[in-house]
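Student: Sequence below, structure please.
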Amino acid sequence: MLINEYFKSERLFYRPFQMEDLQTYVEMCNENSRRRWFYFQEPDCLTTEFWTKEFENNIATWSKKVDILQNRFGCGLAISLKETGNLIGFVGLTKFHGPDDELKDIEIGYHIGEAYQGRGYGTEATKAAVEWGLAELRTLGSEPKIIGKAEHANWPSRRVLEKAGFRFVLAEQYLSVYEIVAQ
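Tutor: Predicted structure coming up:
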């Protein structure tokens, strides 16, 4: 599978963000269930201006072949329902957190809007992204390893990782670290 092809799972479709998604995504980023766990983000991370730049980067990233090990903006995809096309969240894989912050492993991130939580979409999206990511890592000749992190008290996110096949490996100061390694 080419990295730029959209892929699907049972109920979901994964695609690059489009500017039409902007307002919906900004609203999702400002929901209490997300802000509770992303309290450390600067206030500008909750604005349309911030996400306009991020969307422009995402669109530019997906307009060419993406290298999961090199791309600074990560391989983030919008999640939409197959049935309606509605944007419901985000799933992404990245090796970078900031301008000079390279991670040792690929890290998965995900967010499902409040109206769609509790239906298994996070687990479904995480499984699909991991399958895709491990295949890409193998293609690139890299050790296929993906990690996930969640605050210790963020049980819904920790359950998503566990249901998606991750195993707990480490408790950091604030975070529980999980990993999945191709077999």
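
Student: Which residue, neighbours along the chain excluded, lies closest to Ser157?
Tutor: Using Cβ to Cβ, 6 or more residues apart in numbering and skipping residues adjacent in sequence, the residue nearest Ser157 is Ala150, 3.9 Å away. Just so you know, the C-beta spots here come from the backbone N, C-alpha and C atoms, and that holds for glycine as well.

Student: how many neighbours does the one you found have?
Tutor: Ala150: 21 surrounding residues under other Cβ atoms under 10 Å.

Student: Just grab the bridge partners of it for me.
Tutor: Ser176 (DSSP bridges).

Student: Now the element after the worst-scoring helix or strand of the chain on mean pLDDT, going C-ward?
Tutor: Counting by mean pLDDT, DSSP states H and E, the chain has its least confident helix or strand at helix 32-35, which shows a mean of 66. Going down the chain from helix 32-35, the next helix or strand is helix 48-62, by DSSP states H and E.

Student: which other helices and strands contact that next one?
Tutor: helix 22-29 (3 or more Cβ pairs under 8 Å, 6 or more residues apart in numbering; DSSP states H and E).

Student: follow-up on the earlier one: so what's the residue nearest to Ser157 up against?
Tutor: Ala150 sits next to Trp37, Ser157, Arg158, Leu161, Leu175, Ser176, Tyr178 when contact means Cβ atoms under 8 Å, 6 or more residues apart in numbering.

Student: Same question for Gly113.
Tutor: Thr24, Glu27, Met28, Glu31, Leu87, Ile88, Gly89.

Student: let's see it at 7 Å
Tutor: Gly113 makes contact with Met28, Glu31, Ile88, Gly89 under the criterion Cβ atoms under 7 Å, 6 or more residues apart in numbering.
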